[in-house]
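Participant: Here is my input, please return the structure:
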Amino acid sequence: MKIRYFEDTDTLYIELKAGVVADTRDLDENTSVEVDDIGQMLAITIEHAQTRAELPAFSYEQVAA
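Facilitator: Numbers count the residues shown, from 1 in each chain. This is a model prediction of the structure:
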């Protein structure tokens, strides 16, 4: 998984896994999801990220099973 923030466009791009994008689906006016040819989600794009998320704060936690 890769997370990228593009300061010049205030865009947050979260790549869940690599793959060939077959379709981009809008969730709302400022959020889209990229999916592959079998509908698996590959990435999420969030526009106006500064106002929609707590940037630059970031936290990651892996919870054991």
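
Participant: which parts of stretch 31-44 are buried?
Facilitator: Val33, Glu34, Val35, Leu42, Ala43, Ile44 (16 or more other CB atoms under 10 Å). Glycine gets a C-beta too; all of them are placed from N, C-alpha and C.

Participant: ugh, wrong one, stretch 41-56
Facilitator: By neighbour count on 16+ other CB under 10 Å, the buried set for stretch 41-56 is Leu42, Ala43, Ile44, Thr45, Ile46, Ala49.

Participant: and the third one, bridged to which residues?
Facilitator: It stands for Ile44. Taking DSSP bridges as the rule, Ile44 bridges to Ile14, Val33.

Participant: Use 432 as the first number for this chain going forward.
Facilitator: Sure, I'll start numbering at 432, so the last one becomes Ile475.

Participant: Report the separation between Asp441 and Glu492.
Facilitator: Applying CB to CB, to the nearest Å, the value for Asp441 to Glu492 is 26 Å.

Participant: pretty sure Ile434 contacts Ala474?
Facilitator: No - checked against CB atoms under 8 Å, the pair Ile434 and Ala474 is beyond contact range at 10.2 Å.
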